[in-house]
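> pasting a predicted model and its sequence here:
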Protein chains: 6
Amino acid sequence: MRPSGRNLSEMRSISIETGVMRHAEGSCLIRCGNTHVLCTASVENNPPRFLKGTGLGWVTAEYGMLPRATNTRNRREAAQGKQSGRTQEIQRLIGRSLRAGIDRVALGERQITIDCDVIQADGGTRCASITGGWVALRLAVNKLLAAGVLNSDPILDHVAAVSCGIYAGQPVLDLDYAEDSEAGTDGNFVLTGSGKLIEVQMSAEGATFSRDEMNQLLDLADAGMSELVAAQKAVLS
Amino acid sequence: MRPSGRNLSEMRSISIETGVMRHAEGSCLIRCGNTHVLCTASVENNPPRFLKGTGLGWVTAEYGMLPRATNTRNRREAAQGKQSGRTQEIQRLIGRSLRAGIDRVALGERQITIDCDVIQADGGTRCASITGGWVALRLAVNKLLAAGVLNSDPILDHVAAVSCGIYAGQPVLDLDYAEDSEAGTDGNFVLTGSGKLIEVQMSAEGATFSRDEMNQLLDLADAGMSELVAAQKAVLS
Amino acid sequence: MRPSGRNLSEMRSISIETGVMRHAEGSCLIRCGNTHVLCTASVENNPPRFLKGTGLGWVTAEYGMLPRATNTRNRREAAQGKQSGRTQEIQRLIGRSLRAGIDRVALGERQITIDCDVIQADGGTRCASITGGWVALRLAVNKLLAAGVLNSDPILDHVAAVSCGIYAGQPVLDLDYAEDSEAGTDGNFVLTGSGKLIEVQMSAEGATFSRDEMNQLLDLADAGMSELVAAQKAVLS
Amino acid sequence: MRPSGRNLSEMRSISIETGVMRHAEGSCLIRCGNTHVLCTASVENNPPRFLKGTGLGWVTAEYGMLPRATNTRNRREAAQGKQSGRTQEIQRLIGRSLRAGIDRVALGERQITIDCDVIQADGGTRCASITGGWVALRLAVNKLLAAGVLNSDPILDHVAAVSCGIYAGQPVLDLDYAEDSEAGTDGNFVLTGSGKLIEVQMSAEGATFSRDEMNQLLDLADAGMSELVAAQKAVLS
Amino acid sequence: MRPSGRNLSEMRSISIETGVMRHAEGSCLIRCGNTHVLCTASVENNPPRFLKGTGLGWVTAEYGMLPRATNTRNRREAAQGKQSGRTQEIQRLIGRSLRAGIDRVALGERQITIDCDVIQADGGTRCASITGGWVALRLAVNKLLAAGVLNSDPILDHVAAVSCGIYAGQPVLDLDYAEDSEAGTDGNFVLTGSGKLIEVQMSAEGATFSRDEMNQLLDLADAGMSELVAAQKAVLS
Amino acid sequence: MRPSGRNLSEMRSISIETGVMRHAEGSCLIRCGNTHVLCTASVENNPPRFLKGTGLGWVTAEYGMLPRATNTRNRREAAQGKQSGRTQEIQRLIGRSLRAGIDRVALGERQITIDCDVIQADGGTRCASITGGWVALRLAVNKLLAAGVLNSDPILDHVAAVSCGIYAGQPVLDLDYAEDSEAGTDGNFVLTGSGKLIEVQMSAEGATFSRDEMNQLLDLADAGMSELVAAQKAVLS
């Protein structure tokens, strides 16, 4: 029934390749099916201005998409002179999600910027960015710990994300673009490794949904999370 | 326990005053406690370009905040030369929410723009914008029906929104600014008059939440909705 | 003869409501007929950079208009990414006018920003902004005096403004939009409570005017000023 | 008493050189003392969009200043990415002033753009721009008449401008920069060749003025105008 | 003597991987040592507006760099709201270079956009973009030929580019970043497969160079070109 | 054969007038045939931020063109809100060229900004800007030396530039606009007074060129340089 032939609760194949960027403190290329996102972590030993003197650190994110990541070419945001509302919404979500998994006191007065650049898009780019962005963050923090810059690990838990939606009347896990563009209702779910929720964003475009449907999607997301966390663990061990 | 002395499930007083803008096809001033939003609906008898020839209509929204709506003065977005990511995120939410309650075929090839301008802010401005924006939309559509421009009512149901959050360890309904700035977890819930969900946005800043907590907040939102829909009905009858 | 039925030298009804904004140091909603402007004063205890160390204070203004303040919807300046030339011209006029009525030494090294946001427009928005902006400024200064932050009153006199023009060949006072859009010659006159001039801006679009006509308009402006100052005094006492 | 040693009612020497720009339909370099402005007129045989089908023409203006026209270098507006409020205010004034001297029906559906670029500034740049801009406009219209594109002359009268102010307590004509930066009250006066007024802009920065003072400045402006119009006539004959 | 230990006339290893982007009509990832650029070709069957009705086609290019392509993080151009002068200069060079190798009549009224996104930078990114961009262009044109959209091949010859410079007093081929940042004189040379020149850009930062030195660099560039063209041929056969 | 009737190796007449700008530390108006550029040098006794504490000075350039410098009016860059890629490319070239002729240690921690504003354009504006810009720079440095601010002359040699191209199959010197718009291959050559090269930019639009042709153009450029340097010397002596 799904365009890809997947079962309702079947994730796309996940691959995470680390160390792909020579210069970054942490980096990975995450592939969720045909969605490929390059994630890097850049450490600055100064916090943003609003945190000077507070003892707290900051994790923030920026998101971009190559013009031909998609089926037809998108205009380059740098050439248009501004980031779209969609881009800003996504990068705010990534930053908020990753901050939820970090102890900002333990991080101390420094900033880690996670850049998520979509090389190829087939739905679920914001979720792949969070899942891959966390790996880049983990690697950068490992480097700070190894170098003795940090004494205790500021990372509290894994953070990953997956989308689910009602496609052709059925709840399905990990929407690809063909499904996402048809689904009246879909959601993005950000969770921790221990199954706690960080962010739930469900929305209906020209439709509505019930609490039952919402719970079905949450169940699917829970299932998807174990695979994502397993993939994160596998690549880091 | 709440700074305002309200009970956990107590909404702020709601007032909706219609017809406040001489020129707009529909308008209201909605007051949720000390949050005051001026909502207007402007009808154009042309659809946006991407809908030309499709027979479908469009509802969109713009959001703004007066510089001194808040405790300290915010910089004027027009003077800064761009809308913030937060502004864009909110106006996309308002537009999506209102479109979920409309039959775009029945609306026909025209566009209704909902402007939501926050005159005074005390938390919950996006929710008040949706609830008040729907009233402005309803009034503009009534005008089109009365004038015979529309033959059948494109509005499917009431749309309203309320925020809830975990404040001081307790789930509370309709957060004001004092609560919102302290709550680790909070959510915005957009529902229809018949209790269907349109949008759920729950997020944790530097925290996590459980499904139980999420369900408690959804229950509170359900309760709040009846008051909001009652207020919409009262002012329109 | 006038569209509104007013006499040639008849002002529209003026109403000034103070304390309308919970957060601002001073605020009022001024209504000149169907022109409604919300004016707030925001005090910062730092002067702008170019005045650091001079002992002088500063009063500045920003001006905006809600998109549906007018008969047809105007594009939102924040969404367009810049303030129009008209907006900038008006806010420079408001700031210059209010500074003419203040002793900047007595104000000391602080800045007061007057925000004038047009809620509804029917001609004369810049004049209403000046008249109402002065009330907001007066209230904010009163607060600083009451709190002992200021020892002597930096406000030298009332400041208010009115427009006049040649409509259908006759000099008329306080143009509304129907008149303003037809008048070949019109002017904005900013005066002090004691009748001194601060700013005279007369211009002809596709027409010319004589010194006689100019003097007739100045006489009308003088007359209008007494009503405006009386309204300011009434609301402040 | 004046820094330049001029009498109170003495203009700076005026020189207007025409035909200075090879490509423009009309051009001149106007020198008012050390204020030098290059003015060009560019004719387009299409009106701006809002005049299509009305039979009416348009005259508009743009204003700029070379970065080192002034004593210390100004930042280049093109590099800053926007025109200042001052620039926009001035170019609106120039356009409005020149339109007041033209019969837009006789001009027909075409647009003439007057570019005024300040090569060197010593006060009074907007007035020099209007006086020189009119010469460029006159030359371009002459070309259209000579080519038979226009059958009747759309130019109704000369247009020129001069500034006056209260300097050291005395009304003086044609302020240079040294005077302008000290004058509490000053004004720009745009007149026709037959002495009618087009625009009066008097303002006081941190001061006020009386009607008597205003009339003294208007008398000075009248006197200055005869010299300006004579200079325009001399160069065109 | 070279930081990398290469001989003076030794290129870095070149690798070109095609078909790396699922959606683009042509794509490759080119690696010149540690400089990695993703190049895609996007075909639009409309020419840009200025070529409508001329029968001519257009090839244009856009260039970008991921924020962490470099040793320290660069600010994202989309977030800054504009492309730097350097970016614009480079993308103009790429477009001009590729157009020199194409018969625009044979291409017909269509546009091919080459996007060159630097994934990792170690000097020579504009040269790698041209060499890789040509491969993407070749692949897209092949597709148009195979589909019968084009009847004759509009590509006239290979186009590739290499940089050379005077490093530590010696002419060296294919500068990496360590050399580029030290070289007083360096140049970018764009050539065709048959050894004709398309573009020569030699410049000295705080230095000068002689014709002899220039000729030595041109000789090196000639040598480098054979390797680049061989690599292009190898991947396409 | 040349549209202007010049011989293949004949420069346009060159005139350089100094001291044309009252306020600038150095200025000249350079005329190369009908190309006229106003060049000013502005000295700031602070270096740009990235040079603070290095003991090094900086020379930079900005370039602009009056809207009606050209045959048809160009849109004003300040009104468009950005400098074009062409403008940025040119001003980077001017700055780089002039820096190559200066000893930045001898200049010390100060910045000289060269503004090149094209009053009238007929091809070769970037070359005229470099040649004239150097004169403005020389004059400003002379002033610093005369005032004892500088003890030793930081200027190492003359810097000037000329364009050459293949026009109608023949190498020609100093292209004017009629030639430039037809030439398939052309180049800009920046040299020192002693004949060393600073910058060579040769490019072919839709064409290619050989090393022989390149050498012919370089020979022409060498010949042109003597005239340019002679003109610089003549005006400075």
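Nice, I can see it. Numbers count the residues shown, from 1 in each chain, chains lettered A, B, ... in the order given.
> chain F contacts on chain A?
Counting by C-beta under 8 Å from any C-beta of the partner chain, chain A comes close to chain F at A:Gly81. All C-beta spots, glycine's among them, are computed from the backbone N, C-alpha and C.
> quick check: residues of chain A near chain C?
A:Lys82.
> right, is stretch A:98-112 up against chain E?
No - residues of stretch A:98-112 are not located near chain E by C-beta under 8 Å from any C-beta, the shortest gap being 10.5 Å.
> distance from that stretch to the middle of the chain?
Distance, stretch centre to chain centre, for stretch A:98-112: 17 Å (C-alpha atoms, centre = their mean, to the nearest Å).
> how about the closest residue to A:Ala168 other than its chain neighbours, what does it touch?
Using C-beta to C-beta, 6 or more residues apart in numbering or on different chains and skipping the chain neighbours, the partner closest in space to A:Ala168 is A:Met1 (6.3 Å). By C-beta atoms under 8 Å, 6 or more residues apart in numbering or on different chains, the contact set of A:Met1 is A:8, A:168, A:170.
> out of the residues you listed, flag the one nearest to chain D.
Closest to chain D out of the contacts of A:Met1 is A:Ala168 (47.1 Å), distances taken as C-beta to the nearest C-beta.
> what pLDDT does the closest one get?
At A:Ala168, the predicted lDDT confidence score is 93.
> distance of it relative to chain F?
Distance from A:Ala168 to chain F, counting by C-beta to the nearest C-beta, to the nearest Å: 47 Å.
> can I assume that residue is in contact with A:Glu182?
Yes - contact status for A:Ala168 versus A:Glu182: in contact at 7.4 Å, counting by C-beta atoms under 8 Å.
> more neighbours: which of the two?
Each of A:Ala168 and A:Glu182 has its neighbours counted (other C-beta atoms under 10 Å in any protein chain shown); A:Glu182 has more, 14 against 11.
> so the more buried one: helix, strand or coil?
Judged by DSSP: H, G, I helix; E, B strand; the rest coil, the three-state class of A:Glu182 is coil.
> separation between it and chain C?
30 Å.
> with A:Gly19 instead?
On the measure of C-beta to the nearest C-beta, A:Gly19 and chain C end up 40 Å apart.
> report the contact partners of that residue.
Contact analysis of A:Gly19 by C-beta under 8 Å, 6+ apart lists A:27-28, A:139.
> got the end-to-end distance for stretch A:73-90?
End-to-end distance of stretch A:73-90: 20 Å, with C-alpha to C-alpha, to the nearest Å as the criterion.
> between the lengthiest helix in chain A and helix B:211-236, how many degrees?
The helix spanning the most residues in chain A, taking DSSP state H as the definition, is helix A:211-236. Here helix A:211-236 runs at an angle of 140 degrees relative to helix B:211-236 (axes from the mean of the first three to the mean of the last three C-alpha atoms, to 10 degrees).
> what mean pLDDT does helix A:211-236 have?
Per-residue pLDDT over helix A:211-236 has a mean of 96.
> what is it packed up against?
Under the contact criterion of 3 or more C-beta pairs under 8 Å, 6 or more residues apart in numbering or on different chains; DSSP states H and E, helix A:211-236 touches strand A:14-18, helix A:125-146, strand A:159-167, strand A:170-173, strand A:185-192, strand A:197-204, strand B:197-204.
> any buried residues in it, and which?
A:213-214, A:216-218, A:220-225, A:227-229, A:231-232, A:235 (16 or more other C-beta atoms under 10 Å in any protein chain shown).
> show me the contacts for the residue nearest in space to the middle of chain A.
Chain A has A:Ile130 as the residue nearest its centroid, 1.3 Å off, counting by C-alpha atoms, centre = their mean. A:Ile130 sits next to A:93-94, A:97-98, A:159-161, A:190 when contact means C-beta under 8 Å, 6+ apart.
> helices or strands up against whatever helix or strand A:Gly64 lives in?
Element membership for A:Gly64 (DSSP states H and E) is strand A:58-65. Applying 3+ C-beta pairs under 8 Å, 6+ apart, one finds that strand A:58-65 contacts helix A:85-99, helix A:104-107, strand A:111-120, helix A:125-146.
> now the ones you listed in JSON lines, please, with extra columns for mean pLDDT.
Listed next are the helices and strands packed on strand A:58-65 as JSON lines, based on pLDDT from 0 to 100:
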{"stretch": "helix A:85-99", "mean pLDDT": "96"}
{"stretch": "helix A:104-107", "mean pLDDT": "97"}
{"stretch": "strand A:111-120", "mean pLDDT": "98"}
{"stretch": "helix A:125-146", "mean pLDDT": "98"}
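> just send these back as a markdown table, with distance to D:Asn45 too.
As requested, these are exported to a markdown table (distance: least, C-beta to C-beta, whole Å):
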| stretch | distance to D:Asn45 |
| --- | --- |
| helix A:85-99 | 41 |
| helix A:104-107 | 65 |
| strand A:111-120 | 48 |
| helix A:125-146 | 50 |
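> out of those, nearest to B:Lys82?
Minimum separation from B:Lys82 across the helices and strands packed on strand A:58-65 (C-beta to C-beta) falls at helix A:85-99, 10.1 Å.
> would you mark the buried spots in the closest one?
Under the neighbour-count criterion of 16+ other C-beta under 10 Å, helix A:85-99 has A:85, A:87-99 buried.
> angle of that helix against helix B:85-99?
110 degrees.
> show me the contacts for the residue of chain A most remote from its centre.
The centre of chain A is farthest from one residue, A:Gly53, which by C-alpha atoms, centre = their mean lies 29.8 Å away. Contacts for A:Gly53 (C-beta under 8 Å, 6+ apart) come out as none.
> understood, closing this out.
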